[in-house]
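> Mind looking at a prediction? Sequence and model below.
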Amino acid sequence: MEMKEKKFLTVAPFECAWRKDLKFREAGRGCVAFEAFAHNDVTLVFRENVGSQHYHYKRDNSPHYTVIIGSHRNKRLKIEVDGKTVVDVAGVGLCCSSEFKSYWISICDGLISIGKGRYPFQNLVFQWLDSNPNCSVRYIGLSSWDKHVGYRNVNVLPITHNHISLWEHVESGELEGEEDVEDDLKSECMDYEKWGLENFLESWELSDMVFIVGTEERTVPAHKAILVASGNFPFSLSEDIVQLPAVTYPDLHAFLQYVYTGQTKIPESQLGSLRALGLQFEVMPLVKQCEETMERFKLNKKLFDSGKNVELSYPSTRTHYCATFPFGLPVNKQKLKQLHLTGKYSDVNIYIEGHDLVSQAHKVILSLWSVPFTKMFTNGMSETMSSEVLLREVSPEAFKAMLKFMYNGELDMEVTMGAGALLLQLFFLADQFGVTLLHQECCKTLLECLTEGWSSPSGRRSYTEFFYYAQDSVCSILQVVTSIPSCKLIEETCERKVAMHFDYCTTASIDFVLLDERTFSNIIQHPDLTVTSEEKVLNAILMWGMKAKDLYGWEVVDELIINSVPEHLFGERLQSVHDLLPFVRFPLLPYALLKKLEKSSINRHIENFDNLVKEAINYVEIGLTRLENDQNVRFQHRRSSYKELQYICDGDSNGVLYFAGTSYGEHQWVNPVLSKRITIRASSPPSRYTDPKVLVSRTYQGTSFAGPRIEDGHNCAWWAVDIGQEHQLMCNYYTLRQDGSRAFMRSWNLQGSLDGKSWTNLRVHENDRTVCKPGQFSSWPIVGPNALLPFRFFRVILTGPTTDASNPWNFCICVLELYGYFH
């Protein structure tokens, strides 16, 4: 490492610069903003402890994150976790150069955000969420690969709910000599996290009362809402002045400092008067700390050096929220809740167009969280002097949920998730008003809901309901988030979600045709695109190109094009259709279908369609003619992890439960319940005639039933199947076999579930008289969009009595089998 005229730090190849000051104030959470120049590989390492000068991340066996800007000769962005690459993407707008360029990288509970420009949390270009976050990383190493890298103006910032206040700290601060760097960074770190209640300490901004203290009658402004939530103050709705002639200004300053910041420093001689002031206004945490400190001082005066101040700090059990209102402050959350509910001492009425008054709030609390509200109330806008605010195009429910968060610092997950669309509305509202921590909480929850295999904590119903809402609305979510830079990670997750559930998302709804060209193209080209047939991809491209209003297949397009031309049918999307058609893997289509396509009107009107179909037919008829075809993705099966298990006939060996009994094709059949590949439960306890093994034993049983139980006040009986934690099934057919009794079922449902708690109907039977003989096999198809939804749990549930008058709620079957696309 060398210093260039004390202007910047140069890191030699394969070295790493560490400083004890280059660290997050809170483990697992922080942001580093910096300028760098290099030909390639601007590399930052985040780990729990400081490394050495000759440390290199390639040799590090301890937990760490590595972010490399300009990897692969300045072509790619990489993120590594403990030495393993987890992100390797094209440069996404990040590029090193021979000039200094500004970048920032933030880490928040495993959410790694990367942006460019000198202002942190602006110009976000990439995000990645670690599903197993390392919350211990704290120290930052400035590293390199095979060429020198220059760094300057390195600033370590906290994650706070108002990022605007941090920008002033990146306006200066060159990385100079080692001693200068240490001093500068240390002093800067002391000043970064200044946005909060301390900004309003003794400030006239938004104040609504004053103290008059001492014989000099000094006026000190304050805020009723904050004081009332912290203690017991003798305010009336009309009283704005509190006279304290016997109190000195230093005592009141220390008192307010403790209330507004959670800490204060005073001389030992001031403890008694500060305690008295705390007792007068019933700020009991302050009283307790003063008394404890005074007691320790009496016992051992050596604890306090003469002339030094005594520090009092409000104890916070919430380390992650220590700088976030109301945590880390002597504020009673119950009193805050009452202020929010009653509107007492409010100074602003908030109206939403079309919904009248929605809240009586307090400007100071809104301003603590939101820069737009701060500007609205302090920058001379009409709302500065007015006590009314009118908002337009805002959801009242979402705004109320945001206000609730502002008053208690926590997101009410049950209410938010249970309302389905409310979380999404809240997410956009938090972005609109700059409530960053709320935005992050919503972002993380949305990502969890959209992530494949996500299940609700503790199986709570509202989480599962929102999971289904997010799944059904993923295309609608995509339409909105593509225009919001801070939603890039959600956008990418939604694209992957649609790709992995392509059949369902292009069959259950027509919303996908509203996606813009870039988004739809990303989905069609996604490496995780999972389909049951390439015909589904072809249909989706044609429907998207036509902006279809109804769901249909290529045959309908074929009929329409007879009396039209492609330019009229596809309009401005014609070129996009031309560009997307090569991503259909025509060679994987059935030969008979290819011959139909060859004779179609589409084939005659669209030239590259004709070429692709001819190429596929040639491939099927002749085989590979050139070695390069073997490397062409159009001739390769997708990385679809679904195996088709097709219904042939009653009692066949093609079903999922039989397949599980062969260890998924690995050996001869063994009862899958005994081998623990499958779990089966019944509505009644196991017994001689309620035996889970029987349902998958493939043998006739004279008596086999699930007994009745009461659920939600209604009689029911059911058999439930769990195909295993690692497996899912898109069920399109199922088989039941009646036992030897004459208790024939008439009304029942087949249902699917992701968590075994919230169920989706796949087929509903009402007064179905198919079963009419003992021992009879019966099978039914599953049709509609739900046949394309993957589930782990399945159950058949009796919803009405059987034909047996003596035991009408015994569900009497001895065989169950499921078919479809198995993962």
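Cool, the structure landed. Numbering: from 1, shown residues only.
> quick one: low-confidence parts of the stretch 151-300 of the chain?
By pLDDT under 70, the weakly predicted segments of the stretch 151-300 of the chain are 160-195, 237-238.
> Please repeat the previous calculation with a cut-off of 50.
Filtered on pLDDT under 50, the stretch 151-300 of the chain yields the residue ranges 161-194.
> Tell me which stretches of it form helices.
Along the stretch 151-300 of the chain, counting by DSSP state H, counting those that start in this stretch, helices occupy 178-191, 224-230, 249-261, 271-280, 284-299.
> could you dump the ones you listed to JSON lines with mean neighbour count and distance to Leu674?
In this view, the C-beta of every residue, glycine as well, is placed from N, C-alpha and C. Output for these, formatted as JSON lines (neighbours: other Cβ atoms under 10 Å; distance: least, Cβ to Cβ, whole Å):
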{"stretch": "helix 178-191", "mean neighbour count": "14", "distance to Leu674": "62"}
{"stretch": "helix 224-230", "mean neighbour count": "24", "distance to Leu674": "62"}
{"stretch": "helix 249-261", "mean neighbour count": "21", "distance to Leu674": "65"}
{"stretch": "helix 271-280", "mean neighbour count": "19", "distance to Leu674": "70"}
{"stretch": "helix 284-299", "mean neighbour count": "16", "distance to Leu674": "61"}
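> Could you dump those helices into CSV and include distance to Thr506?
What follows is these, written out as CSV (distance: least, Cβ to Cβ, whole Å):
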stretch, distance to Thr506
helix 178-191, 51
helix 224-230, 51
helix 249-261, 55
helix 271-280, 65
helix 284-299, 58
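> So for Val764, which of the ones you listed sits nearest?
Across the helices of the stretch 151-300 of the chain, Val764 has its closest neighbour in helix 224-230 (53.0 Å, Cβ to Cβ).
> of the helices of the stretch 151-300 of the chain, which approaches Thr530 most closely?
Ranking those by proximity to Thr530 (Cβ to Cβ) places helix 178-191 first, at 47.6 Å.
> that's a strand at Phe744, yeah?
No. Read with DSSP: H, G, I helix; E, B strand; the rest coil, Phe744 is coil and lies in no strand.
> is it true that it touches His765?
No. In this structure, Phe744 is not within contact of His765 by Cβ atoms under 8 Å, at 11.8 Å.
> and Ser382, how many neighbours?
10 (other Cβ atoms under 10 Å).
> Can you check what pLDDT the model gives it?
What the model reports for Ser382 is a pLDDT of 70.
> For Phe325, which non-adjacent residue is spatially closest?
Using Cβ to Cβ, 6 or more residues apart in numbering and skipping residues adjacent in sequence, the residue nearest Phe325 is Leu368, 5.0 Å away.
> If you could redo that for Leu279, that was the one I meant.
Closest to Leu279 by Cβ to Cβ, 6+ apart is Val287, at 5.3 Å.
> check contacts around that neighbour.
Taking Cβ atoms under 8 Å, 6 or more residues apart in numbering, we find Val287 in contact with Arg275, Gly278, Leu279.
> OK, contacts around the first one?
Each residue near Arg275 by Cβ under 8 Å, 6+ apart is listed here: Leu286, Val287, Cys290, Glu291, Met294.
> correct me, but Gly707 touches Ala682?
Yes. With contact defined as Cβ under 8 Å, Gly707 counts as touching Ala682 (7.5 Å).
> list residues touching both of the two?
When Cβ under 8 Å, 6+ apart defines a contact, the residues bordering Gly707 and Ala682 alike are Thr690, Ala717.
> quick one, which of the two is more surrounded?
Neighbours of Gly707 and Ala682, each counted by other Cβ under 10 Å, are more numerous for Ala682; the result is 22 against 16.
> hang on, Asn349 packs against Leu357?
Yes. Counting by Cβ under 8 Å, Asn349 does reach Leu357; the two are 5.9 Å apart.
> list the helices and strands the helix or strand containing Asp610 packs on?
Assignment of secondary structure by DSSP states H and E places Asp610 within helix 607-622. Contact partners of helix 607-622 among helices and strands, from 3 or more Cβ pairs under 8 Å, 6 or more residues apart in numbering; DSSP states H and E: helix 591-598, helix 601-605.
> lowest-confidence helix or strand of the chain?
When each helix and strand of the chain is scored by mean pLDDT, DSSP states H and E, helix 178-191 comes last, with a mean of 35.
> follow-up on the earlier one: figure out which of the helices of the stretch 151-300 of the chain is closest to Cys814.
When those are ranked by proximity to Cys814, the top entry is helix 224-230, at 65.5 Å, counting by Cβ to Cβ.
> Contacts for that closest one next, please.
Counting by Cβ under 8 Å, 6+ apart, the neighbours of helix 224-230 from elsewhere in the structure are 197, 200, 208-209, 233, 235, 259-260, 281, 283, 326, 329-332, 335-336, 339, 344-346, 362, 364-365.
> which intervals of the stretch 401-550 of the chain have sub-threshold pLDDT?
Across the stretch 401-550 of the chain (using pLDDT under 50), the flagged ranges come out as 452-463, 466.
> actually the stretch 701-823 of the chain, not the one I wrote
Within the stretch 701-823 of the chain, the set of residues satisfying pLDDT under 50 is empty.
> can you give me the strands in it?
With DSSP state E, counting those that start in this stretch as the criterion, the stretch 701-823 of the chain has strands at 705-706, 709-711, 714-722, 729-738, 748-753, 760-765, 777-781, 793-798, 811-822.
> most packed of these?
For the strands of the stretch 701-823 of the chain, ranked by mean neighbour count under the definition mean count of other Cβ atoms under 10 Å, the leader is strand 705-706 at a mean of 27.
> which strands and helices sit next to that strand?
Judged by 3+ Cβ pairs under 8 Å, 6+ apart, the packing partners of strand 705-706 are strand 714-722, strand 811-822.
> and Val149, how many residues sit next to it?
The burial metric for Val149, expressed as a neighbour count using other Cβ under 10 Å, is 26.
> Spatially nearest residue to it (excluding sequence neighbours)?
Using Cβ to Cβ, 6+ apart and skipping residues adjacent in sequence, the residue nearest Val149 is Ala38, 4.1 Å away.
> In this structure the one you found contacts Ser143, no?
No. The pair formed by Ala38 and Ser143 falls short of the contact definition of Cβ under 8 Å, at 10.8 Å.
> of those two, who's got more company?
A direct count of neighbours by other Cβ under 10 Å for Ala38 and Ser143 places Ser143 higher, at 27 against 24.
> Among the helices and strands packed on helix 607-622, single out whichever gets nearest to Ser663.
Shortest distance between Ser663 and those, using Cβ to Cβ, is found for helix 591-598: 33.0 Å.
> How far away from the center of its chain is the closest one?
For helix 591-598, the distance between its averaged C-alpha position and the chain's averaged C-alpha position is 43 Å (Cα atoms, centre = their mean, to the nearest Å).
> could you give the angle of that helix to helix 607-622?
Relative orientation of helix 591-598 versus helix 607-622 (axes from the mean of the first three to the mean of the last three Cα atoms, to 10 degrees): 150 degrees.
> How about residues contacting helix 591-598?
Contacts of helix 591-598 with the rest of the structure, by Cβ under 8 Å, 6+ apart, involve Glu535, Trp554, Phe586, Leu589, Asn603, Phe609, Val613, Lys614, Ala616, Ile617, Val620.
> Now do the same contact list for Val537.
When contacts are taken as Cβ under 8 Å, 6+ apart, Val537 is in contact with Phe502, Ile524, Leu529, Val531, Phe583, Val584, Arg585.
> you'd agree it is in a helix?
Yes. Counting by three-state DSSP, Val537 is found in a helix.
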